[in-house]
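Asker: can you look at this prediction? I've put the sequence above it.
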Amino acid sequence: MESDINKVFPELANSFSSQVREEISRTKVRGCCRQYVLLAILESLKDFQIYSGKVLRFSSLGCARFVSKILNSLEIDFLWTKSEGESEEGAWYIIKLLDLPELNEAKLKLESLNLDICCRRHWLSGLFLSFGSVCDPKREYRLDWVLPKIELAEKVQNFLQLDGIHSSRVLKKNNWVISVKKAEDISEVLTIIGANSSRMNYEEIRAFKETRNDVSRLVNAESANLARSSRSSFEQIESIHILLDSGKLQGLSQDLQDIANLRLEYPEASLRKLGQMCEPRLAVSTISRRLNKLEELASEVVSENNKGINL
């Protein structure tokens, strides 16, 4: 199935999380929201001896440029460089802050959760750049933030709740994982964090998968119906032959004889078609009732024969 979707959506063969991050890094951040984006990103500051202090590391040039623009707009001094071959994942783009911003007012508002809707959504997008991931919708519906502190996890859940989005929280390997697993909620989160194009791609894949699943269910249901119909027809014909061989069929009512002859003549016909062949036309329920009666009578004949053998 995944290979089929890749053919339909070849542009999504790369990491979906990377595409979301790149889209976030292209968004324009309003002046009131820049501090909150930076506060979220600063949660990923790490102390590296080789750089003599705290640095931010990004595997994406687009994300690094996005952060540098935020820092420039807030007049925060920094240096940045590219580190080749530092890990198996390839190059890292390193941003070293020459001084840490205070951002006290923004911190207080964030602590009290007293943020404007645009600011809290940009905070979530900044946090996604550093700690977020979203599974490829071709395989699974899941969006996560893997956070180092429970305080961050609680804020994320509170902010998601304000937008009506349900999330779960679990502790894994000393990190708090906030997960959104409903497809509709994931689409909404992508919009919240500024990844509207990614949401459209996500919805296209989701629609493709659901349509394919619906078709598969219909085909399976039709196959099951045909199998049941074939078994029923075989059992009905077998019962009619039992009645014929025993001479019982000729003594039945004309209605039962007519439906028996019709079933023998059209072994593959559905009950509806058998009813349409009758004069006057008969309902499916009437045809079913008469065939069931023939099967009951055939069972009685078999039971009588078994009793005679036992005697």
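Answerer: Nice, thanks for sending it over.
Asker: from here on, just use CA atoms for contacts and neighbour counts.
Answerer: OK.
Asker: how many residues are close by the nearest residue to Lys209 once chain neighbours are set aside?
Answerer: With Cα to Cα, 6 or more residues apart in numbering as the criterion, Lys209 has its nearest non-adjacent residue at 7.7 Å, and that residue is Lys138. A count of nearby residues for Lys138, using other Cα atoms under 10 Å, gives 21.
Asker: sec struct for Lys138, please.
Answerer: Following DSSP: H, G, I helix; E, B strand; the rest coil, Lys138 is assigned to coil.
Asker: is it in contact with Ile205, as I believe?
Answerer: Yes. The criterion here is Cα atoms under 8 Å, and Lys138 meets it with Ile205 at 6.6 Å.
Asker: which residues in the protein form helices?
Answerer: For the chain, the helices identified by DSSP state H occupy 2-8, 16-24, 34-42, 61-73, 104-111, 117-131, 150-162, 183-192, 196-246, 254-265, 271-277, 284-310, in order along the chain.
Asker: go through those helices and pick out the most buried.
Answerer: Taking mean count of other Cα atoms under 10 Å as the contact definition, the stretch among the helices of the chain with the greatest mean neighbour count is helix 117-131, which reaches a mean of 23.
Asker: report all helices and strands that that one contacts.
Answerer: In this structure, helix 117-131 makes packing contacts with helix 16-24, helix 34-42, strand 143-147, judged by 3 or more Cα pairs under 8 Å, 6 or more residues apart in numbering; DSSP states H and E.
Asker: okay if I get these as a markdown table plus mean pLDDT?
Answerer: Output for these, formatted as a markdown table (pLDDT from 0 to 100):
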| stretch | mean pLDDT |
| --- | --- |
| helix 16-24 | 91 |
| helix 34-42 | 91 |
| strand 143-147 | 95 |
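Asker: do you know which of these lies nearest Glu295?
Answerer: strand 143-147 (56.5 Å; Cα to Cα).
Asker: adjacent strands (with direction) for that closest one?
Answerer: In the sheet containing strand 143-147, its partner strands are strand 132-134 (antiparallel), strand 175-180 (antiparallel), by DSSP bridges.
Asker: distance of Ser83 relative to Lys54?
Answerer: Using Cα to Cα, to the nearest Å, one gets 15 Å for the distance from Ser83 to Lys54.
Asker: more neighbours: which of these two?
Answerer: Neighbour tally, Ser83 and Lys54, criterion other Cα under 10 Å: the higher count belongs to Lys54, 19 against 14.
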